[in-house]
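Peer 1: Sharing a model prediction with you, sequence too.
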Amino acid sequence: MAAKGKKTGTVAGVPAEVSVEDRTALTGAYKAGLILAWKFDIERGYCLTLAGRPEEYVQVGRLTQYLEALKPS
């Protein structure tokens, strides 16, 4: 019996893992209370859970801008 290979998923240039910069930004947003939770979906980007709002998907390239917009002025 031959061993089955793992699928390494990448979609249109999106990495299969969370980058260090994104992880740092997400951790900072969590500690600041801007987001309650997050998870990475390789096909849709980041799924962010916000207080009192439904989950939102944010594209990988727009994460930093999105998190900046959540900060109070």
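Peer 2: Cool, the structure landed. Numbers count the residues shown, from 1 in each chain.

Peer 1: Quick one: the strands in this structure, in order.
Peer 2: 37-41, 45-49, 56-58 (DSSP state E).

Peer 1: Would you reformat those strands as TSV and include mean neighbour count?
Peer 2: C-beta here means a position set from N, CA and C on the backbone, and glycine is covered the same way. Putting the strands of the chain into TSV (neighbours: other C-beta atoms under 10 Å) gives the following:
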stretch	mean neighbour count
strand 37-41	15
strand 45-49	18
strand 56-58	14
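
Peer 1: Now render those as CSV, adding distance to V20.
Peer 2: As requested, the strands of the chain are arranged in CSV below (distance: least, C-beta to C-beta, whole Å):
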stretch, distance to V20
strand 37-41, 13
strand 45-49, 15
strand 56-58, 18
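
Peer 1: Quick one: those as a markdown table, columns for distance to A69 and mean pLDDT too.
Peer 2: Listed next are these as a markdown table, based on distance: least, C-beta to C-beta, whole Å; pLDDT from 0 to 100:
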| stretch | distance to A69 | mean pLDDT |
| --- | --- | --- |
| strand 37-41 | 16 | 94 |
| strand 45-49 | 12 | 96 |
| strand 56-58 | 10 | 95 |
